[in-house]
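Undergrad: coordinates for the following, if possible.
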Amino acid sequence: MKINTRTVAAVWILTTVLALNAASPSLPIRGLHVMAPKPDEVDLALRFIGEALPKAGVNTLVVEFDYRYQFTRRPEVTDADALSRDDVTKIAAACRQAGVRLIPQINLLGHQSWASKTFGLLRAHPELDETPGKYPQNAGIYCRSYCPLHPNVHGVIFDLIDELAEVSEADAFHVGMDEIFLLGEDDCKRCKGKNKASLFAGEVKALHDHLAQSGRTMWIWGDRFLDGGTTGMGKWEASMNGTQDAIHMVSKDMVICDWHYERVLPSVTYFAMVGFPVVASPWRKPNVALGQLALVRETRAHATGEIGDRMQGVLQTTWVPFGPFARAYFGEQAGDTEVHEAAQTFRALFEELRAGQ
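TA: Now for the predicted structure:
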């Protein structure tokens, strides 16, 4: 039988292209996490969503509002520079127009303060504090936590989640829950002596089940599910107070955002192997972001289908105010080092994402 060399070449090219596509398929989640803009930055936000996100290839935008929204159900928790309902409606409409999934966030359980400032929830409801009356001006602690066992805490929190999710027209909600150090404290009459993993898992379950009632998917940072001692990741990127065992006590249908900012760590694969959908979450180092992306792609290409399918993609964090970040991206403001590095990483990561599609 005579073999047509052109046919052989064409088959070889097709096979090679298919193999390359299998090694680096388009990722389901190509996301960016930003802080909520200030009211006078809404027009900039609309421009960024409409121009920058489609150009970069972003399909998911997590906006961390915390208490910077003008809540009507619980107005007492609203912090300064809060966005109005009309502002958030415009942001949601811009995301729909750009083909971007908007996911609102309130950082829950921990991160209820920063430096000497206590945020809206515990400022308005100090009775919900895990360590009530302790640490004046927040001296000597990283961040305050609310008590997950207080009988009134979820009545407030669920109102906040529902209102923000509804105005955002969101099918998912990010609950934060990273870097929690004050949990199961002896100063709390309800939590004292209780297992910290069980306390953490109980709060995760309460939030998950509430969101599930409205058909919304829960997103959460993953650090408290990791063992900081065994892995050597330490107390920031993982847990050193025993919450890691909660990973076996919670539902597996929530999205884990596995953040690591200084190095490429294999925990993103660990979460997928345990059973969670997961995204890698870098910050401001392009080499780390690209390394995490490569790890996700390699796992999707070579692992079992079950593991590979759970490796959903990436969610880059920014951790700088929205306005400076957006202006740095547009080349309209130099910004400080962290702003510049976050914008540079955004460009590098999403350029590589587009190249692999």
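Undergrad: alpha carbons only for contacts and neighbour counts from here, please
TA: OK.
Undergrad: what segments of the stretch 251-357 of the chain are helices?
TA: Taking DSSP state H, counting those that start in this stretch as the test, the helices found in the stretch 251-357 of the chain are 267-274, 286-302, 305-310, 322-329, 337-355.
Undergrad: mind putting those helices into JSON lines with mean neighbour count?
TA: Putting the helices of the stretch 251-357 of the chain into JSON lines (neighbours: other Cα atoms under 10 Å) gives the following:
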{"stretch": "helix 267-274", "mean neighbour count": "20"}
{"stretch": "helix 286-302", "mean neighbour count": "21"}
{"stretch": "helix 305-310", "mean neighbour count": "18"}
{"stretch": "helix 322-329", "mean neighbour count": "22"}
{"stretch": "helix 337-355", "mean neighbour count": "19"}
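Undergrad: looking at those helices, which is closest to Arg101?
TA: Ranking those by proximity to Arg101 (Cα to Cα) places helix 337-355 first, at 16.5 Å.
Undergrad: which residues are contacting the closest one?
TA: 26, 30, 56-58, 283-286, 289-290, 293, 316-318, 320, 324-326, 328-329, 334 (Cα atoms under 8 Å, 6 or more residues apart in numbering).
Undergrad: switch the cut-off to 7 Å
TA: Helix 337-355 has contacts (Cα atoms under 7 Å, 6 or more residues apart in numbering) with 56-57, 283-286, 289-290, 318, 320, 324-325, 328-329, 334.
Undergrad: and which of those residues is nearest to Tyr67?
TA: Using Cα to Cα, Val320 is the member of the contacts of helix 337-355 that sits closest to Tyr67, with 16.8 Å.
Undergrad: kindly state the pLDDT recorded for the closest one?
TA: You'll see Val320 listed with a pLDDT of 97.
Undergrad: for the spatially closest residue to it that is not a sequence neighbour, give its distance to Gln213.
TA: In space, and not counting its chain neighbours, Val320 is closest to Val339: 6.1 Å by Cα to Cα, 6 or more residues apart in numbering. Here the criterion is Cα to Cα, to the nearest Å. By it, Val339 lies 38 Å from Gln213.
Undergrad: just the strands in the stretch 1-150 of the chain please.
TA: For the stretch 1-150 of the chain, applying DSSP state E, counting those that start in this stretch gives strands covering 29-35, 60-64, 101-105, 113-114, 117-118.
Undergrad: pick the most buried one from those strands.
TA: Most buried of the strands of the stretch 1-150 of the chain by mean neighbour count (mean count of other Cα atoms under 10 Å) is strand 101-105; its value is a mean of 25.
Undergrad: and the angle from it to strand 29-35?
TA: 40 degrees (axes from the mean of the first three to the mean of the last three Cα atoms, to 10 degrees).
Undergrad: what lies in contact with strand 101-105?
TA: 59-66, 92, 95, 165, 168, 170, 172-176.
Undergrad: state the distance from Ala343 to Lys38.
TA: Using Cα to Cα, Ala343 is found at 19 Å from Lys38.
Undergrad: among the contacts of helix 337-355, which one has the lowest pLDDT?
TA: Within the set of these, pLDDT is lowest for Ala334 (73).
Undergrad: number of nearby residues for that residue?
TA: Residues contacting Ala334 under the criterion other Cα atoms under 10 Å number 14.
Undergrad: what of Ala115?
TA: Under the neighbour criterion other Cα under 10 Å, Ala115 is assigned a count of 13.
Undergrad: that one: what's it in contact with?
TA: Asn138.
Undergrad: report pLDDT for it.
TA: 96.
Undergrad: okay, the strands of the stretch 1-150 of the chain in TSV with distance to Tyr270 next?
TA: Converted to TSV, these look like this (distance: least, Cα to Cα, whole Å):
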stretch	distance to Tyr270
strand 29-35	18
strand 60-64	23
strand 101-105	24
strand 113-114	31
strand 117-118	35
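Undergrad: to Cys143, which of these lies closest?
TA: Across the strands of the stretch 1-150 of the chain, the minimum distance to Cys143, taken as Cα to Cα, is reached by strand 113-114, at 5.1 Å.
Undergrad: and the closest one, which strands flank it?
TA: The pairing partners recorded for strand 113-114 under DSSP bridges are strand 117-118 (antiparallel).
Undergrad: what does the strand it pairs with rub up against?
TA: Under the criterion Cα under 7 Å, 6+ apart, residues Gln112 lie in contact with strand 117-118.
Undergrad: and it, how far from the chain's centre?
TA: 22 Å (Cα atoms, centre = their mean, to the nearest Å).
Undergrad: do the same with stretch 318-327
TA: Put simply, stretch 318-327 sits 16 Å off its chain's centre (Cα atoms, centre = their mean).
Undergrad: after the strand or helix carrying Gly155, heading C-terminal, what element do we hit next?
TA: Secondary structure assigned from DSSP states H and E places Gly155 in helix 153-168. Downstream of helix 153-168, the first helix or strand assigned by DSSP H and E is strand 172-174.
Undergrad: which elements pack onto the helix or strand that that next one is followed by?
TA: Beyond strand 172-174 on the C-terminal side, the first helix or strand identified by DSSP H and E is helix 196-213. On a contact count with 3 or more Cα pairs under 7 Å, 6 or more residues apart in numbering; DSSP states H and E, helix 196-213 meets strand 217-221.
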